[in-house]
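> The sequence and its predicted three-dimensional model are supplied below.
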Amino acid sequence: MAEDRELRVRALLDSVRAQGRTALTAPEGRVIADAYGIAVPGEELATDVDEAVAYAARFDGPVVMKIVSPDILHKTDAGGVVVGVEGATDVRAAFHRIVANARAYDAEARIEGVQVQELLPRGTEVIVGAVTDPTFGKVVAFGLGGVLVEVLKDVTFRLAPVTADEALSMLDSVKAAEVLRGVRGQPGVDRWAVAEQIRRVSQLVADFPEIAEVDLNPVIATAEGAVAADIRILLAEQQPPPRRKYSREEILESMRRLMQPRSVAVIGASNEQGKIGNSVMRNLVDGGFAGEIHPVNPKADDILGRKAYKSVTDVPGEVDVAVFAIPAKFVAAALEEVGRKRIPNAVLIPSGFAETGEDELQAEIVAIGERHGIRLLGPNIYGYYSTWQDLCATFCTPYDVKGGVALTSQSGGIGMAILGFARTTKTGVSAIVGLGNKSDLDEDDLLTWFGEDPHTECIAMHLEDLKDGRAFVEAARDTVPRKPVVVLKAGRTAAGAKAAGSHTGALAGDDAVYDDILRQAGVIRAPGLNDMLEYARGLPVLPTPRGDNVVIITGAGGSGVLLSDAVTDNGLSLMAIPADLDEAFRRFIPPFGAAGNPVDITGGEPPSTYEATIRLGLEDPRIHALVLGYWHTIVTPPMVFAELTARVVAEFRERGIEKPVVASLAGDVEVEEACQYLYERGVVAYPYTTERPVAVLGAKYRWARAAGLLKSGLPRGGVPGSGVSGGGS
């Protein structure tokens, strides 16, 4: 059945191509809709006015009449649509008016006739469509439809094809989700029927890559079903060239030799201070790299006490990585020598390639790399750090604090911001990698490696674009169940490429698609650089929550209100405190305090009140996470609060009770030291902010849901298995 369907569609598309067209007419769209089970109203193509009258008489009630022309894409703009036509006289008048309007709109347009279509009942207008995104390929879209679609832009996207469950999730991911469920006494729509329209469109574009866009707008959704009043299909003018693919095994093997090398050659090594080749050599030597370091320079015999070689081909034994510190114009020739030496990885620090308009030069080195099987990191990068190997292959400042966070950046400046943050916050890292122009190695290669790397617990990536969005999503989906992936996608406000042939295409701006697809992949999207770094720092510290119930314990009512707002903003759930738990909290707080949630113990309470309420929050199994609000008093000084909190949390963890605990500390400068003390002991704490600790907690919850570790309480507007969109996702 599926084979017959595809043969029918293939024959039609080939015919359209043979005529030199990229836009299908409405009757041709109907053929494809029928083949894929996309529900459309009854309709006929009238080639003259008498046929129009006869066809209209077959439908019970008013009809819609539309111009059919391969040269007129937007029928409404051409005055080629008349709605609610009834009776022979009106049908004749509408036919003539439509044809006259089309002639006036485009005198050269080929007119095949007028489509006579049954008028659908009133319902909720939605849009279902698909576009070809330059990053992610085929993407299916759903949102509010009709004439307001491009104004409201209440649209959500998923990679095509989608499953039935993914299609249903799209109905809950738009702001108007409540409208679809039914409001003010109006019945909700047939959700399954709408989801099926989404799923079938997604399968169509997955089966036929040459289809650039599909637009069902509007789809009339009622309690009885969902029918596409109009279908528009556009073909791509040309297919993008295929990208070279590497198997998972090939990626892991080359990345192993890059990140865990036994031997490194520095092409362009130098004794002269101020040269990049000198800085790279010094960082490798001074950083304590235990493997072999081979300087390559045809004009030197000895560099930093090591024998220098005229060519990399003269270096004895196997070499895992060649680090390039020479001008761009010399890279191609040196890369050929790297290929002859069978070195699997080239780290290209030099700039002067595609980022400066030298696309041909970059294409040349990519071709050399592919010919010899060399994976290229860069060019135009600061290098990379692999701390567990004591490897600092960069011309920037060294960093040797080992830990579980892997950090990558497309920009050198961002890379140095990452380095400074890590040093200031004492964040231990497993690696810091620059990607630059991404001529070859990119985020999906690194994700594949870091997903397996036992030293890496969390991956954070700054990126400006993705070369292959589908490969990234595949790698992310494989990694997220085991460890969090945080992404800072730059360029949120840049205008997306507009495919003006359809409503769906006009809505598919770069960032709108990125936002939904990254969430679909389970990635935590950070709104800013500092957020990305704080998420990466905090996620490995916090235990995984086991449920949705969040309780705030605060010494300041004002902080409690702000913390409550932050909990809501981050898609978290404030626990409804049951009567017995409310009574238990009240035993520890003064009469003028407040139980409920937040639990307000008031500011003048001694350390024992903080300790007792925190203990109760950790002890009660119905509470899954604690948010602590502290404010500085002489009665309970900052370090006293920090020490008692850390001690109680550690005691419960020793008993096997692990819950995420975050804290907001307001006060004089002593709260800074207290926050650092808490952070080092597993409590994510920040001074002078109520938003940041809850944002990190929200990120942990989003990852737990994406990883399938927290099944309950999916907030509305989220994607199953990926958390919610609030709080910087």
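Nice, I can see it. This one's a predicted model, so the numbers in the text were calculated from it and none came from an experiment.

> Ignoring the adjacent residues along the chain, who's closest to Thr602?
Distance criterion C-beta to C-beta, 6 or more residues apart in numbering; nearest residue to Thr602, sequence neighbours excluded, is Gly593 at 4.7 Å. Every residue, glycine included, has its C-beta placed from N, CA and C.

> swap that for Leu709, please
Among residues not flanking Leu709 along the chain, Thr544 sits closest, at 5.4 Å (C-beta to C-beta, 6+ apart).

> Let me see the backbone angles for that neighbour.
As for Thr544, its main-chain torsions (degrees, to the nearest 10) stand at phi -80, psi 130.

> Gly291 now?
Backbone dihedrals for Gly291, given as degrees, to the nearest 10, come out at phi -80, psi -170.

> Tell me, how many residues neighbour it?
17 (other C-beta atoms under 10 Å).

> and the residue nearest to Thr602, what is it in contact with?
Contact analysis of Gly593 by C-beta atoms under 8 Å, 6 or more residues apart in numbering lists 599-602, 605.

> For the protein, give me the ranges with low pLDDT.
For the chain, the stretches flagged by pLDDT under 70 are 1, 146-152, 493-510, 711-729.

> residue closest to the middle of it?
Leu518 (1.9 Å; C-alpha atoms, centre = their mean).

> list the contacts for that one?
Shown in contact with Leu518 (C-beta under 8 Å, 6+ apart): 476, 487, 489, 525.

> Which helix or which strand is home to it?
In the assignment (DSSP states H and E), Leu518 maps to helix 510-520.

> Over to Glu370?
helix 359-372.

> Wait, Asp582 touches Ala595, no?
Yes. Counting by C-beta atoms under 8 Å, Ala595 is a contact partner of Asp582 at 4.7 Å.

> neighbour count winner among these two?
Neighbour comparison, Asp582 and Ala595: the larger count goes to Ala595, with 19 against 14 (by other C-beta under 10 Å).

> so how far is Thr554 from the more buried one?
12 Å (C-beta to C-beta, to the nearest Å).

> now Phe421
From Phe421 to Thr554 the distance is 28 Å (C-beta to C-beta).

> The two: who's more crowded?
Taking neighbours as other C-beta under 10 Å, Phe421 and Thr554 compare with Thr554 leading, 30 against 18.

> ok, the nearest residue to that one once chain neighbours are set aside - contacts?
Of all residues not flanking Thr554 in the chain, Gly629 sits nearest, at 3.1 Å (C-beta to C-beta, 6+ apart). Applying C-beta under 8 Å, 6+ apart, we find Gly629 in contact with 552-556, 559-560, 563, 598, 663-664, 666, 690.

> which residues in the stretch 51-200 of the chain form helices?
Along the stretch 51-200 of the chain, the stretches classed as helices by DSSP state H, counting those that start in this stretch are 88-105, 149-152, 164-171, 177-181, 191-207.

> and these as TSV, adding distance to Arg306 and mean neighbour count?
Below are these laid out as TSV (distance: least, C-beta to C-beta, whole Å; neighbours: other C-beta atoms under 10 Å):
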stretch	distance to Arg306	mean neighbour count
helix 88-105	76	17
helix 149-152	63	15
helix 164-171	56	20
helix 177-181	64	16
helix 191-207	55	22
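
> Of all the ones you listed, which one comes closest to Ser430?
With C-beta to C-beta as the criterion, Ser430 lies closest to helix 164-171 of the helices of the stretch 51-200 of the chain, at 32.7 Å.

> How far off centre is that closest one?
18 Å (C-alpha atoms, centre = their mean, to the nearest Å).

> do stretch 109-126 as well
Counting by C-alpha atoms, centre = their mean, stretch 109-126 is centred 37 Å from the centre of its parent chain.

> List the buried residues in it.
For stretch 109-126, a neighbour-count test (16 or more other C-beta atoms under 10 Å) marks 109, 111-120, 123-126 as buried.
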